[in-house]
Every structure is written in structure tokens, then in C-alpha cells.
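Visitor: Sequence isn't available, so here's the structure alone:
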């Protein structure tokens, strides 16, 4: 057991820039007696009790800027709640959306949020890679606003009411009324019309940019052929019709819209309502299910706070409804 702790400590001792800190250190597996020539060894999740002359640990360590952590802490504490730990968005979402079989076979969770798109790759049962694409649902809305010279709010309405991720899904084009912002000094707005096909063309191009970026990132890490279970979409940005089919055409690997693991939620004695099936709640539900890796607390040290954890309050509220 002492050798295991030593291996984990050494792995966590990687140099970290002064402006960043580790928020997560997840143990994926251990390797016994790895051959220096073939790079092969005995892979195990529980090395205690086994005999070996050499022990290595495979971990996924996530670092973020101190400024981001400080902003989160101030926001939570300012709301009257306590902060126990900080969790990577996609790791939380995976608790509600990804099965253990998918993690074992190889899967990529794509969480399309408002500002960014988070992706996490799971292979051999654990997380092996994570990245952030600097484009999300808000940027798609901004593309619509720019293309049709309208406000962000009106562009969001157009996206939600008439949007689709694929032009080929539009069987019959139609004119869609919208408010366009005038360029002159008159602040009044006038009603205009655009074709639904033109709207969807902008949306498809924006989503294609995200999916193409994901494909390039995974190819650069040589992970594109490790996803036997394909891609799982989550987040509010994944709700638009045809999102999964467009991604399938871009990455040519099986893709599906994530489905909440209801059994896992009810096992935790939390009441589940149909409204929570919305992909936008993937991260929030995942946080309720998340059980931090032991190494997180050994490495970062669990923070104590006299204020009640926000997650504890939410869990208690949902549990009392049963």
C-alpha cells in the first residue's frame, strides 16, 4: 500500500505553473513491471497484494488558472454556500450520461455549453483526455445575429423555434418573420422575413466548425480510433434537432444524444422528474452523483467550510420528496 501511495504522490508532483493549480487527479489504472522495450506490462486497478519490481500509475491530472478557481469560490461563498471541491464539467456530466461499459470500450463525451464545448475521452474504464473547444451555443447564436443583422435575443429565438442542424432536413422551405435592427439613428425595429433554409445553413456551418475542431483535436492525440462506443452529446447546445446526425457526418463514428441514467439517479434516492431529462442539466445532475477520486483529497486537501455545501442542500431537498 505504501508503494501505491508513493507512485500516486510522484505522479501528482508534476511541475505546475505558478498561475495554475490542480483541481482533479484521477487514477485510471496501475501498471506492474512495464517493459522498457515493448512498453507493455500488467494493467490493474487494484495493485495492493500483488508482487512486482516496478510500479507505475496512469492518471489524468487537470489544471486550471488560479483566477478561474478564485472566481468560482467567490461566487459560491457569496451565495451563502460552502465549497468542498471543484469538478471538471465533463467529468460531472459523465456520471449522469456515460455507462461503465462505454467507458471501458472507449467513448467521448461532448458537452456543448453556452460559452464553450467540453470533451472528455474515456478508455479502459477511466478518463484519459480532456479538452475545451472555445465555441458553444452562444457563439452559434451570435453567428445567426451577425448573418441576419438582428439582436442576440432574436437570434436565440430563431434558433430555438426554427433551427435545425442540417439543411437536408428541411423538406419544404418557408419564410420566417423576425425583427431586424436598423442601421440608422432610429432605434425602432421593423419586421423582416428570412428563409428557414438560410437560417439552418448558418446553424449547420457553426456546428460543423465545432465538430471539425473536435475531430482534429482527437486525431492529434491519436484517440480517434479508440472510441468503440463513439460519441455522446450533452449540454444545452446539443438540444437542437439533428445535432447528433450532423456530428455523425463530420466524425464518421457512431454518435448519439445522451440519455440520463435514471436508474443511477434513483439508486441515490433522488427524485427524478421528466423535465430533468433536458441535456442542459447533464452537468448539474452529474454533480449530485459525483464521488470524488480519493487522490483528489489526498493531493488537494478537502476544503472545510462552516457553510452548508450547495450540493448537500440540493440532495437533501430531492431526497425528502421521495
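Guide: Right, received. Where do you want to start? Everything numeric here is computed off the predicted structure, so don't read it as measured data.
Visitor: Residue ranges in the stretch 51-200 of the chain under the pLDDT threshold?
Guide: Applying pLDDT under 70 to the stretch 51-200 of the chain flags residues 182-190.
Visitor: The spatially most central residue of the chain - nearest residue in space that isn't next to it in sequence?
Guide: Centroid check for the chain by CA atoms, centre = their mean gives residue 90 as the closest residue, at 2.9 Å. With sequence-adjacent residues excluded and distances taken as CB to CB, 6 or more residues apart in numbering, residue 90 is closest to residue 120, at 3.8 Å. Backbone N, C-alpha and C define where each C-beta goes, glycine included.
Visitor: My assumption is that that neighbour lies in a strand; please confirm.
Guide: Yes. Looking at residue 120 with DSSP: H, G, I helix; E, B strand; the rest coil, it is inside a strand.
Visitor: let's have the chain start at 603 instead
Guide: Sure, I'll start numbering at 603, so the last one becomes residue 722.
Visitor: which residues touch it?
Guide: Taking CB atoms under 8 Å, 6 or more residues apart in numbering, we find residue 722 in contact with 690, 692-693, 696, 710-711, 729, 731-732.
Visitor: any idea how far it lies from residue 876?
Guide: Distance, residue 722 to residue 876, by CB to CB, to the nearest Å: 26 Å.
Visitor: Could you do residue 857 as well?
Guide: Remark: distance between residue 857 and residue 876 (CB to CB) = 24 Å.
Visitor: between these two, who's got more neighbours?
Guide: Neighbour count, other CB atoms under 10 Å: between residue 857 and residue 876, residue 857 has more, with 22 against 8.
Visitor: Next, the buried residues of stretch 842-855.
Guide: Within stretch 842-855, the residues scored as buried using 16 or more other CB atoms under 10 Å are 842, 844-850, 852-853, 855.
Visitor: what's the closest of the contacts of residue 722 to residue 765?
Guide: Nearest to residue 765, judged by CB to CB, of those is residue 711 at 22.9 Å.
Visitor: That closest one contacts residue 696, correct?
Guide: Yes. If you go by CB atoms under 8 Å, residue 711 and residue 696 touch, sitting 5.2 Å apart.
Visitor: Show me which positions of the longest strand along the chain end up buried.
Guide: In the chain, taking DSSP state E as the definition, the longest strand is strand 622-634. Buried residues in strand 622-634, counted by 16+ other CB under 10 Å: 623, 625-634.
Visitor: So which of these is the closest to residue 685?
Guide: Taking CB to CB as the measure, residue 685 sits nearest to residue 625 out of the buried residues of strand 622-634, at 11.5 Å.
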